[in-house]
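**Student:** need coordinates for the following:
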Amino acid sequence: MPSLKVLLSAEQIHNRITELGAEIDRDYPAGEPVYLIAVLKGAFIFMADLARAMKTPARIEFIGISSYGKGKTSSGQVQLTKDLDAPIEGHHVIIVEDILDTGITLNYLTKLMAQRKPKSLRIVALLDKPERRKSPVKADYVGFKIPDEFVVGYGLDYAEDYRNLKDVCVMGN
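**Tutor:** Residues are numbered from 1 along each chain as shown. So this is what the prediction gives:
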């Protein structure tokens, strides 16, 4: 059984998401809905908490992208596993990602979403590992910059386990 060390507590995460919700509310016109598009599966918990932290009307969508498989490192190959259910043309869109790591997935996804002609397109990432970047992507909103460690919890998994942890934890051997 791998060891887990808390990197970010549930309270730290909650407080930062409240701040992110306020930042988003300041940046969008009152009354105009924003599509929050969660990248499955890891971002679903973050998106639910973020949507509740916002006063801006939020429409919820999901997209499935895979570049990891069951390993701890990106395969470099991006695959669309589930597409949106609603058109986003002419709407404000925020891609909601659990972790911005190599940037390969988000680079692919921002190009894909931009082709659909949204009114605006931004990225919010709970976690950012800037030193792992292989593809130039910058999130508009970042919860926490973290070191280059493998993390689980709060939606992030290792081989589909640990998503339900309330904290973000570093996974050891």
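**Student:** check contacts around P130.
**Tutor:** Residues in contact with P130 (Cβ atoms under 8 Å, 6 or more residues apart in numbering) are K145. Any C-beta I mention is one placed from the backbone N, CA and C, and that applies to glycine too.
**Student:** what does it show for phi and psi?
**Tutor:** Torsion angles at P130 (phi, psi; degrees, to the nearest 10) stand at phi -60, psi -30.
**Student:** now swap in K145 and tell me
**Tutor:** Phi and psi for K145, reported as degrees, to the nearest 10, are phi -90, psi 130.
**Student:** burial count for it?
**Tutor:** Applying other Cβ atoms under 10 Å, we find 12 residues neighbouring K145.
**Student:** can you tell me the closest non-neighbouring residue to it?
**Tutor:** Of all residues not flanking K145 in the chain, D128 sits nearest, at 4.9 Å (Cβ to Cβ, 6 or more residues apart in numbering).
**Student:** in a strand, P87, correct?
**Tutor:** No. P87: not assigned to a strand; according to DSSP: H, G, I helix; E, B strand; the rest coil it is coil.
**Student:** how much space separates the nearest residue to it once chain neighbours are set aside from I45?
**Tutor:** Leaving aside its sequence neighbours, P87 sits nearest to R116 (Cβ to Cβ, 6+ apart; 7.1 Å). As judged by Cβ to Cβ, to the nearest Å, R116 and I45 stand 25 Å apart.
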